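In: how does the following fold in three dimensions:
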Amino acid sequence: MHPAGVATSLLAILAANGTAVLDCVCTHVQRRYRDYGYGGQLIYRGYCQEFRQFDVSLKCETLQQPSIAVSALLRVLPSWTLGQRIFGSGECEDALAVIHGLTNDTAEPQFIRDLRCFLADDCIDSCSVLGLNDTEWNVETLETDLREPILSQLLHAVRRITKAIKTRRRCAEGRQWNFLQKYVNKTEFQAEVPVYLEHLSSYTRDAVQLLSVGVTTLSQLFIPLAFKLMDKQTNDQQLQGWINNMEHLRDMLDTKLWGWVQDMERISEQIANYKVEEDVDKPGTYIIRLPLLNDRLLSYHGKYLSFRNEFAAKCEEQQPEASVMFGLADALYGFYRRLWFEELQRFLPSYEHPFSLNNPRRHYARHIDIIGEEWQLEDKSNATISVDAGCLELLVSALDHPTCPLEDLPPETIEQREQCRVQLWNDLVQGSTHVPETSHRRANVSLCLLAWMTANSSGICQHVPFSMIQSVDDARCVFDSPDDQSCPKSNTTDAICSVSRAVLLLKCRDFSSHTYFGECGASMDHRGWYSPTWRRASERNIQPPEILLTYKNDVNNVTLK
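Out: Alright, predicted model coming up:
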């Protein structure tokens with residue numbers, strides 16, 4: 001068979017059943033590796049081996065065994081066992097026959113690359129589980145036969161999405177450019193740059209689609225998976241209360257996950273602004289100049305959530321299973337941040353080169369440097385601004401008397417928080433020297449302290465979606481624009497949260513505080529095998545630095561009283 005015919009035949013077989021056929025092939029080839037010759041070994045190395053074992057790195061408390069979190073992760077791992085549903089079927093046998101016929105002469109070098117690209121593209125079109133947008137998880141739907149088939153579909157979908165994200169990155173890596181691999185002359189360089197930018201743009205657009213499908217599916221999966229693993233044996237009233245709490249927790253998780261999608265989408269829009277040029281001082285060496293809104297900012301999405309540490313104790317009275325529930329959300333976030341979000345970043349120029357204010361120039365390859373634009377806040381990082389005293393009282397009260405985020409807040413509390421976000425935003429835009437005539441009580445507060453109090457997880461911004469790209473864009477608009485220029489892109493209700501996050505993360509290092517935790521690794525494989533492998537301490541401050549405690553004490557004892 002002609003090489004192109006071999007690839008076409010195999011992809012045609014896969015088009016009908018996707019990865020299910022390929023998983024069946026993997027099961028056969030693994031059992032009789034040598035019997036399938038060159039083709040079987042090619043498929044095994046190029047696809048099957050990628051999904052035999054996963055090394056995960058999570059907070060140690062998340063990986064404790066036995067736990068609901070570990071059970072959930074083992075459930076969502078890509079598994080060859082899906083292929084056993086058609087084990088020995090006509091499609092699987094046809095695929096095996098084609099693979100058995102592959103030789104060095106008929107299997108062209110790009111065969112595996114084409115296969116990987118097909119799997120990713122196919123998932124964008126077919127991985128969504130349709131018909132679930134109107135499914136409401138309540139006592140009736142969770143306790144009827146409807147739940148199991150839906151749960152099975154969703155588990156199958158998230159496994160496929162994980163495979164698609166991995167193969168999409170591999171697909172992109174198979175299409176490298178000359179100037180990334182070797183020194184080229186000026187003519188070759190000029191021809192390769194537009195190819196590079198277009199390829200990068202195409203990759204990020206696909207990444208957005210895959211992430212969007214993944215986050216949607218994971219949100220749909222969260223409640224029925226938790227119900228299955230927690231084995232609920234309660235009366236209808238208790239179960240409905242559990243469902244209500246899980247819906248709140250799912251929304252909290254969604255707030256974090258959709259930030260991935262929004263930021264990756266913004267990056268895809270910024271690719272056209274990446275500039276590649278030859279270094280005038282070093283002929284044969286090239287510079288990638290990044291705009292301020294670039295993929296380095298993606299690293300500011302937290303590696304782990306701390307829902308359990310921050311909220312479990314506050315919620316135990318309302319929900320005795322709060323620790324388990326928050327732990328499940330923490331586990332899924334950390335797991336998919338690595339398998340989805342970080343995996344898709346690996347192909348982007350700045351991967352493994354976190355944004356640095358002290359060293360904006362980073363080396364990419366032996367003849368390519370990356371230079372990122374730096375956001376300048378000038379001397380306003382130490383500014384004291386005048387804000388509404390009532391809103392400041394609300395910020396302090398939210399920190400000193402935090403509520404369980406699973407509770408339904410009274411409408412008046414929600415309205416009060418929204419009004420304060422708008423008021424604080426207006427105060428920030430107006431600047432520290434302007435005191436509105438309508439305001440009777442004002443308070444002077446450090447910009448960094450205000451950012452910390454506003455963006456704190458227990459504060460008034462906990463339900464506002466996190467987008468690092470939007471945060472930096474909003475902050476630059478506020479601090480770099482002329483006084484009479486508005487920021488039309490900003491959502492006034494949420495903008496203070498957005499700007500506070502950017503200021504806190506990029507300009508107020510003395511105010512950063514994290515709880516100390518151990519970081520553990522584990523190996524998990526497609527058969528459900530699990531083994532903790534290593535442990536190391538995460539480098540975090542045990543408590544907020546002294547400057548933060550001092551400022552907070554001043555706010556409580558002086559400004560308000």
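In: please enumerate the strands of the stretch 351-500 of the chain.
Out: Per DSSP state E, counting those that start in this stretch, the stretch 351-500 of the chain carries strands over the ranges 361-365, 368-372, 384-388, 442-446.
In: Val158 and Lys282, how far apart?
Out: Distance of Val158 to Lys282, given as CB to CB, to the nearest Å: 46 Å. Placement of C-beta: from N, CA and C, glycine included.
In: compare neighbour counts for these two and give me the winner.
Out: Of the pair Val158 and Lys282, Val158 is the one with more neighbours under other CB atoms under 10 Å, namely 26 against 11.
In: looks like the more buried one contacts Leu221 (just checking).
Out: Yes: counting by CB atoms under 8 Å, Val158 touches Leu221, with 6.2 Å between them.
In: list residues touching both of these two?
Out: Counting by CB atoms under 8 Å, 6 or more residues apart in numbering, the common neighbours of Val158 and Leu221 are Val76.
In: can you list the domain ranges for the protein.
Out: Domain assignment for the chain by automatic domain parsing gives 131-372, 378-512.
In: pLDDT on the last one, on average?
Out: So that's domain 378-512. Mean pLDDT, domain 378-512: 82.
In: likewise the longest one?
Out: Across domain 131-372, pLDDT averages out at 85.
In: and it, how far out from the chain middle?
Out: 3 Å (CA atoms, centre = their mean, to the nearest Å).
In: number of residues surrounding Leu424?
Out: Neighbours of Leu424 under the rule other CB under 10 Å: 27.
In: pretty sure it sits against Ile385.
Out: No: using CB under 8 Å, Leu424 makes no contact with Ile385, being 9.6 Å away.
In: tell me, what's touching those two both at once?
Out: Jointly contacting Leu424 and Ile385 under the rule CB under 8 Å, 6+ apart are Leu450.
In: between the strands of the stretch 351-500 of the chain, which one is closest to Ile13.
Out: Closest approach to Ile13 among those is made by strand 361-365 (38.6 Å; CB to CB).
In: give me phi/psi at Thr403?
Out: Main-chain dihedrals, Thr403, degrees, to the nearest 10: phi -110, psi 160.
In: need the nearest residue in space to it, chain neighbours excluded.
Out: Distances taken as CB to CB, 6 or more residues apart in numbering put Lys314 closest to Thr403, at 6.9 Å, once the chain neighbours are dropped.
In: quick check: that neighbour vs Glu407, distance?
Out: 9 Å.
In: what's the answer for Gln470, then?
Out: 28 Å.
In: of these two, who's got more company?
Out: Gln470 (24 against 15).
In: residues near the closest residue to the more buried one other than its chain neighbours, how many?
Out: Leaving aside its sequence neighbours, Gln470 sits nearest to Ser498 (CB to CB, 6+ apart; 5.5 Å). Counted with other CB under 10 Å, the neighbours of Ser498 add up to 28.
In: contacting residues for Ser498?
Out: Contact analysis of Ser498 by CB under 8 Å, 6+ apart lists 464, 467, 470-471, 474-475, 490-491.
In: what are the ranges of the helices in the stretch 451-561 of the chain?
Out: 468-480, 495-507, 546-554 (DSSP state H, counting those that start in this stretch).
In: what of the stretch 301-450 of the chain?
Out: For the stretch 301-450 of the chain, the helices defined by DSSP H, counting those that start in this stretch occupy 307-315, 322-336, 343-345, 389-400, 411-430, 447-455.
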